[in-house]
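**Q** quick one, what's the 3D model for this:
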Amino acid sequence: MNPRIVDFLRRLIADGVVERRNGEIADRLASVEGIGKIKGARVLYTDEDHAKIRNLLTSRGFDIAAPAGDFSRSNSPRGSSEKSGALRVSDDLVAVVPIAMPAFQHLPGSVLTLGSHAAQALPYEVLLVSENLEPMLQMHTYSWMGTYTRGRPTLALFRGAPGYFRTDVAARLIQRDTRPTLAFFDFDPKGLSMAASLPRRESLCMPPWPNLLTATKENRRSNLFTQSIHASRPHLDHSGHDEEIALAWSRLKELSLGLDQEHFPR
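**A** As a prediction, the model looks like this:
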């Protein structure tokens, strides 16, 4: 039996089907295996047919039901396609850049992709969370970043984005971990709000203020400020934020401009 037939039989059992429209697989099973009775455009199934299905699956070495819950392709049930119902291969992957970890050298301008638990097992002392992926690729060019990492083994982690490197997977890694974090986000209301929410945050990673101020004025990205000010203001106006977040917020409001990570001074 091919995977389509196995999946078809499993669905009949799981759903307790007593009637369904005729089709290629249903017709073949009725004609060859005597499972179901064709009546016009319908196929009727009795308790006896369900017993035949169970016996057929068992005798051919297949499990009667597909495993419950999520499973990888390598753990797909016998008889089923490894793609049917399985998680995407990339489902648990995160993008990381190891910093000051000699045993995990990588080419500048590249990222490593690891399962989230494997990434968390690396011997880092601080977790640097980056809002965007391109700055991860250029992490080696931010000369001021050492002010925050201070020579410690650091794991830079991309927070994820829709369509690739899931945000919820990165978020669960951050929540599971216990090491201090560094927030590396856009200089705009949305980025600052996300940084303020980062658990165990040790520092907000920004270039020296005179350099950041000059670059922000030169790029004149007023849209970065206006696009997220209304959604982020209630959170950022809260009085409970630490001095670092409060200072950055006051500077943003005074400028009414933002700056993306990609254009941070190097």
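**Q** ranges for the strands of the stretch 101-250 of the chain?
**A** Here the stretch 101-250 of the chain has its strands, by DSSP state E, counting those that start in this stretch, at 112-115, 126-130, 154-158, 181-184, 201-204.
**Q** could you redo these as JSON lines and give each row distance to residue 105?
**A** Quick note: C-beta positions are derived from backbone N, CA and C, even for glycine. Output for the strands of the stretch 101-250 of the chain, formatted as JSON lines (distance: least, C-beta to C-beta, whole Å):
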{"stretch": "strand 112-115", "distance to residue 105": "10"}
{"stretch": "strand 126-130", "distance to residue 105": "17"}
{"stretch": "strand 154-158", "distance to residue 105": "14"}
{"stretch": "strand 181-184", "distance to residue 105": "21"}
{"stretch": "strand 201-204", "distance to residue 105": "25"}
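**Q** could those be laid out in a markdown table, adding distance to residue 217, mean pLDDT and mean neighbour count?
**A** Shown next, in a markdown table, are the strands of the stretch 101-250 of the chain (distance: least, C-beta to C-beta, whole Å; pLDDT from 0 to 100; neighbours: other C-beta atoms under 10 Å):
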| stretch | distance to residue 217 | mean pLDDT | mean neighbour count |
| --- | --- | --- | --- |
| strand 112-115 | 36 | 93 | 15 |
| strand 126-130 | 24 | 98 | 24 |
| strand 154-158 | 28 | 97 | 25 |
| strand 181-184 | 21 | 98 | 24 |
| strand 201-204 | 20 | 96 | 18 |
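**Q** wait, which of those is closest to residue 219?
**A** strand 181-184 (17.9 Å; C-beta to C-beta).
**Q** what lies in contact with the closest one?
**A** 126-131, 135, 148-149, 154, 156, 174, 194-195, 198-205, 261 (C-beta atoms under 8 Å, 6 or more residues apart in numbering).
**Q** where are the low-confidence patches of the stretch 1-150 of the chain?
**A** Applying pLDDT under 70 to the stretch 1-150 of the chain flags the ranges 1, 66-90.
**Q** can you pull the phi/psi pair for the spatially most central residue of the chain?
**A** Closest to where the C-alpha atoms of the chain average out (C-alpha atoms, centre = their mean) is residue 166, at 1.4 Å. Dihedral pair for residue 166: phi -60, psi 140, per degrees, to the nearest 10.
**Q** what's the closest non-adjacent residue to it?
**A** residue 160 (5.3 Å; C-beta to C-beta, 6 or more residues apart in numbering).
**Q** how is this structure divided into domains?
**A** 3-75, 93-263 (automatic domain parsing).
**Q** so which of the ones you listed is the most surrounded?
**A** Among the domains of the chain, domain 93-263 has the highest mean neighbour count (mean count of other C-beta atoms under 10 Å), at a mean of 17.
**Q** any idea how far apart the tips of that domain sit?
**A** 27 Å (C-alpha to C-alpha, to the nearest Å).
**Q** for the stretch 1-150 of the chain, what spans make up the helices?
**A** Assigned by DSSP state H, counting those that start in this stretch, the helices in the stretch 1-150 of the chain fall at 3-15, 24-28, 47-59, 116-120, 134-137, 146-149.
**Q** make a markdown table from those and add distance to residue 246 to it.
**A** What follows is these, written out as a markdown table (distance: least, C-beta to C-beta, whole Å):
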| stretch | distance to residue 246 |
| --- | --- |
| helix 3-15 | 56 |
| helix 24-28 | 65 |
| helix 47-59 | 64 |
| helix 116-120 | 31 |
| helix 134-137 | 24 |
| helix 146-149 | 18 |
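**Q** so which of these is nearest residue 179?
**A** It is, among the helices of the stretch 1-150 of the chain and with distance given as C-beta to C-beta, helix 116-120, at 9.3 Å.
**Q** run the chain-centre distance for stretch 201-208.
**A** When C-alpha coordinates are averaged (C-alpha atoms, centre = their mean, to the nearest Å), stretch 201-208 and its chain have centres 24 Å apart.
**Q** quick check: phi and psi on residue 35?
**A** phi -100, psi 110.
**Q** measure the closest residue in space to it that isn't next to it in sequence to residue 49 for me?
**A** Spatial nearest neighbour of residue 35, chain neighbours left out: residue 29 (4.4 Å); criterion: C-beta to C-beta, 6+ apart. Counting by C-beta to C-beta, to the nearest Å, the gap between residue 29 and residue 49 amounts to 9 Å.
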